[in-house]
Structure formats: C-alpha cells, structure tokens
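Q: The sequence and its predicted three-dimensional model are supplied below.
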Amino acid sequence: MKSRACALVAVSCLLVLVSCSEESPTGPSCPTLGRITDLQVSEVTLNTIALEWTTPVAQGEDLFYDIRYLHASQMGGETQITEALWDVATAAAGEPPVSHAGADASFVLELLPPDYECFAAVRIVSVIDTTMSDISNTAHAWTEVVLTEFSYPGLAIPDNDPTGISDTITFARQIEIRDLLVAVNITHTYIGDLIVELTSPGGTVVRLHDMTGGTTDNLVGTYDTTLTVDGPGSLDDFNGDLTQGEWTLWVSDNLGIDVGTLNEWAIGVQGSVP
C-alpha cells in the first residue's frame, strides 16, 4: 500500500509538470498571476519617483515584478502603457520579490533627471514558464522641478519714507513649493533703516529684514543660507504655496539720512507639479 501511495504522488507531480509545459501553458496547475490595479506614486524628489501597490492574488513559485517606465515624449499621446509601449519601455533593476497576496509593495525609480514626466507600470512574471500578468494601471508623475527667476530693478529707496518701493517677479509655471530661497542685493549705508518683505501670489507675507543690522552697510546674500530671516514668518511659510503669478518684494527706509538702492533680487524654488 505504501509503495502504491508513493507511486500516486509521483504521478501527480508529473501531471503538474506536464500541465505547465510549453505545450499546455494554461493548464489548471499553472501559476495564476493577478493584475496590479492600484499602482500609485507615493513620493517624488528631484531624481526619484517612489511607487507603491498592493500585491494581487499570485499563486506559484519564483515570481518577480517587472517594472517599466517611459518619458511622456515616448507615450505617443497615450495615458496608459499598452503592450506595444511595454516593449519599448525602460526596465527598472532590482525590483523586490513578489510577496503574499494583499501585501504592500514599493519600489523607487532612481537616477531620473529633474522635471522628468514619467509613466510607469508593473507586471508579475513567472521565472518557471515566463508567463506574465496583464499590465497594471499606469502611474504618472514628474520628478521635482527647480525654477529660478531674477529681477534687476535698480530702484532708489526713498529716504525716511515708510511707503517704500516694490518690485515683482513673475513665475509662468505652476509648481507646488517644497523649498524656497530669496537672494537680494541692496546697497545701503545703514541697513538698520530697512524693512524688506516678500509676498507670494497667494498672499503669504514673510518679513525678511526688520530694521536689524544697525550701521552695517549693504544687504547682500541669500535667505536662508547667508542671510537669516528676521520675521514675522519664515521661508517655510511658502511651502505648499503655488508659484504661478506675481511675487512682490517691498523695501522701505524708515529713518533719515542714509539712502540706498534695490539693485537686484531673485527667487529659487524647488517643488513638484501639482
């Protein structure tokens, strides 16, 4: 009886191998490779896009993820990665192994250039017989963008006049801000006279300089690297704001005798496409 049982086990194993052979790749014992339907972008930086998804029903051994991506210029107007586009897409390297059904999975596309509009999709592939799941839904994102705008007004700052002067910088592109710097070049013989404020298109106001520095000449440098924001407010207040529109720099001289000029200023932002 024991020998007969062993023989039956051997026959069953043979049937499993036959059912998943090249002649019968869709037999009942072949791996079932579920399609990923919730692929999404979890985070972007200047050079990376992080993806995440839920592992679908996937039965069988030696399964792996095949992650591929395309730049927008390669999509030919499509918004989803098709079979034809899959064949020309860039294959990622170092994908994680397939885990149990329902497990959270993630992967980071690295070494991408800034402002890279990316479309990505995932498949599950069997090492044993190279069967593949259907292509997942397509995730779409940009790596972060760096924008810089300059102004060279050369405006004289009226002495002892709280009305002051204003100059604007306009951003044409809409970016959600993650980090912002402001560079100023103001010549003045007593920077303790000066108030300097920056206002975003959305109405956020930060006082960069608030009559500090006493008898020091000239206010030249970059907030928040070589210069420190006096407040009220900080440059972090602009995080989450949108760039598009007019940014206004206001400078006023609030004591007599000393005079100066707003020579130039600039804004640099880093952020993502909203």
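A: Ah, there it is.
Q: so where is the protein shaky, pLDDT-wise?
A: Within the chain, the stretches with pLDDT under 70 are 1-32, 58-61.
Q: What are the phi and psi values at the most centrally placed residue in it?
A: Note on the chain: the residue nearest the mean C-alpha position is V44, at 2.6 Å, using CA atoms, centre = their mean. As for V44, its main-chain torsions (degrees, to the nearest 10) stand at phi -130, psi 150.
Q: so what's it bridging to?
A: Beta-bridge partners recorded for V44 (DSSP bridges): I49.
Q: That one and V273, how far apart?
A: According to CB to CB, to the nearest Å, V44 stands 9 Å off from V273. The way it works is simple: take the backbone N, C-alpha and C, and place the C-beta from them, glycine included.
Q: any residues in contact with both of those two?
A: Residues touching both V44 and V273 (CB atoms under 8 Å, 6 or more residues apart in numbering): W142.
Q: Look at the closest residue to P153 other than its chain neighbours and give its secondary structure.
A: In this structure, P153 finds its nearest non-sequential neighbour in D167, 4.4 Å apart by CB to CB, 6 or more residues apart in numbering. In three-state terms, and counting by DSSP: H, G, I helix; E, B strand; the rest coil, D167 is strand.
Q: please renumber so the chain begins at 848
A: Shifting the count to begin at 848 puts that one at D1014.
Q: I'd say D1014 and S998 touch.
A: Yes - applying CB atoms under 8 Å, one finds D1014 in contact with S998, separated by 5.5 Å.
Q: SS state for G1039?
A: helix.
Q: Okay, and the beta partners of A968?
A: Under DSSP bridges, the beta-bridge partners of A968 are R915.
Q: For it, which residues are in contact?
A: 886, 914-916, 927-928, 933, 936, 982-986.
Q: Kindly report the same for Y912.
A: Y912 neighbours (CB under 8 Å, 6+ apart): E942, P943, P944, V945, A952, F954, V969, R970, I971, V972.
Q: Just list the residues touching the second one, thanks.
A: Yep, that's P943 we're talking about. Counting by CB under 8 Å, 6+ apart, P943 touches Y912, A952, S953, F954.
Q: what's the overlap in contacts for D1014 and S998?
A: Joint contacts of D1014 and S998 (CB under 8 Å, 6+ apart) are L1096, W1112.
Q: related to what we said a few turns ago, partners of the residue nearest to P1000 in the sheet?
A: Beta-bridge pairing for D1014 (DSSP bridges): L1096.
Q: OK, contacts around it?
A: By CB under 8 Å, 6+ apart, the neighbours of D1014 are S998, P1000, L1002, T1095, L1096, L1109, W1112.
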